[in-house]
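Engineer: next come a sequence and a model predicted from it.
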Amino acid sequence: MAHLEKGTAYRALVENVLASYGLPRELYYLGLIESGYDTKATSKVGARGPWQFMEGTAIKYGLKIVSHKTNKNLKLLDERLSVPKSTHAAANYLLDLYNIFYDWALAAAAYNSGEYKVLDAVRKGNSRNMRELCDRKLLAQETCDFVAKIWVAKELDLRREEFKLPPEQPQKYYDWYWTEITIKRSTDIEAVAKNLNIPKSELEQFNPDILTETIQGSEAESWKLYVPNNHFKSSMNRYMASGGKALRVKNPKFLRQIGLEILEGESVWVKKMANKSLELVAPLSANRMVIGAEKLADLKIDWEK
């Protein structure tokens with residue numbers, strides 16, 4: 001139950017990243033069971049972050065882990081701890097697992113125990129049925145419990161009223177509306193926060209993967225930094241003042257078809273660009289794209305007045 005509530009702060013972010021890879025949004029519950037989306041979560045075998053990546057797997061899927069030059073045990077950067085960065089890596093890993101097993105239960109089991117153990121169980125049992133492999137004890141009990149917990153979490157969440165659980169608390173989605181900037185020189189976190197007029201603590205909250213007061217950026221080794229925008233209304237007002245409009249979409253499927261993933265009921269910010277194209281911003285989902293005005297007109301989107 002505690003995990004259900006802890007995950008809500010990151011739910012929109014995680015589900016939209018998963019959807020951008022063509023993955024089921026329900027895989028959100030896999031991360032929920034792994035860590036409750038605790039960025040500081042560390043397992044007894046050294047897996048870290050919300051998606052509990054081991055170091056080797058993390059690096060394989062594009063996450064940076066930078067150690068001190070003279071003390072390898074001292075980490076300066078560990079992108080396993082970043083929710084957006086590690087979710088992209090997890091999506092790629094899950095996609096690979098599904099392409100091996102073509103079954104989400106087996107893919108989830110492989111995420112927990114490794115694909116080779118699941119492949120060995122499938123071979124020994126001559127079966128691809130998760131329940132059968134568990135009943136015959138061909139998979140570790142921990143792995144079987146892990147997959148079962150994902151299903152239980154999903155059912156509890158979808159049937160809160162039936163199980164007398166409190167409704168999910170409204171989320172301030174705009175807390176996860178950010179701008180990604182690239183740091184290509186060494187600089188202090190405090191200096192970045194001061195230059196951007198953002199509290200240092202808030203910048204650190206959005207970038208838990210940076211484990212030192214100084215960002216060791218360079219042209220050869222740049223670092224990605226997420227800059228939050230909690231002043232959502234101010235941001236919208238500035239956007240409107242620069243010529244934009246906020247329009248609500250009755251049916252978002254047409255925008256999703258062209259790659260702009262938006263939440264149900266979300267307003268889209270639309271602004272004319274110099275080259276006669278339109279900039280579309282889905283602020284709550286932290287997605288944006290530029291599209292030709294004629295192409296947008298061809299979609300025949302039903303905008304609410």
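Structural biologist: Done, it's in.

Engineer: give me the below-cutoff pLDDT ranges for this protein.
Structural biologist: 1-3, 169-179, 197, 228-236, 263-265, 274-275, 284-286, 304-305 (pLDDT under 70).

Engineer: domain boundaries for it, per the record?
Structural biologist: The chain breaks down by automatic domain parsing into domains covering 2-158, 177-228, 232-304.

Engineer: how about the helices in the stretch 201-305 of the chain?
Structural biologist: Counting by DSSP state H, counting those that start in this stretch, one finds helices in the stretch 201-305 of the chain at the ranges 232-241, 253-257, 293-298.

Engineer: dump stretch 20-35 to PDB, keeping only the CA atoms.
Structural biologist: Output of stretch 20-35 as PDB, limited to C-alpha atoms (Å, rounded to 0.1, in the frame of the first residue of the first chain):
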ATOM      1  CA  SER A  20       6.900   6.500 -26.100                       C
ATOM      2  CA  TYR A  21       8.700   3.100 -26.600                       C
ATOM      3  CA  GLY A  22       5.400   1.300 -27.400                       C
ATOM      4  CA  LEU A  23       5.400  -0.500 -24.100                       C
ATOM      5  CA  PRO A  24       2.400  -1.100 -21.900                       C
ATOM      6  CA  ARG A  25       1.900   1.600 -19.300                       C
ATOM      7  CA  GLU A  26       1.200  -1.200 -16.800                       C
ATOM      8  CA  LEU A  27       4.900  -1.800 -16.600                       C
ATOM      9  CA  TYR A  28       4.900   1.200 -14.300                       C
ATOM     10  CA  TYR A  29       4.000  -1.400 -11.600                       C
ATOM     11  CA  LEU A  30       7.200  -3.300 -12.200                       C
ATOM     12  CA  GLY A  31       9.200  -0.300 -11.100                       C
ATOM     13  CA  LEU A  32       6.800   0.200  -8.200                       C
ATOM     14  CA  ILE A  33       7.600  -3.300  -6.900                       C
ATOM     15  CA  GLU A  34      11.300  -2.900  -7.600                       C
ATOM     16  CA  SER A  35      11.700   0.200  -5.400                       C
END
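
Engineer: just how off-centre is that stretch within its chain?
Structural biologist: For stretch 20-35, the distance between its averaged C-alpha position and the chain's averaged C-alpha position is 9 Å (Cα atoms, centre = their mean, to the nearest Å).

Engineer: buried residues in that stretch, which are they?
Structural biologist: Taking 16 or more other Cβ atoms under 10 Å as the basis for neighbour counts, the residues of stretch 20-35 that come out buried are 23, 26, 27, 28, 29, 30, 31, 32, 33, 34, 35. Bear in mind the C-beta positions are built from the backbone N, C-alpha and C, glycine included.

Engineer: if we can go back for a sec, got the domains of the chain as a markdown table, with distance to residue 166 columns?
Structural biologist: Shown next, in a markdown table, are these (distance: least, Cβ to Cβ, whole Å):
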| stretch | distance to residue 166 |
| --- | --- |
| domain 2-158 | 8 |
| domain 177-228 | 25 |
| domain 232-304 | 21 |
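
Engineer: tell me which of the helices of the stretch 201-305 of the chain sits nearest to residue 133.
Structural biologist: Comparison of those against residue 133 by Cβ to Cβ identifies helix 253-257 as nearest, at 35.7 Å.

Engineer: got the buried residues for the closest one?
Structural biologist: Those would be 254, 255, for helix 253-257 by 16+ other Cβ under 10 Å.

Engineer: residue 257 and residue 103, how far apart?
Structural biologist: With the distance defined as Cβ to Cβ, to the nearest Å, residue 257 ends up 27 Å from residue 103.

Engineer: then residue 63?
Structural biologist: When residue 63 is compared with residue 103 (using Cβ to Cβ), they lie 26 Å apart.
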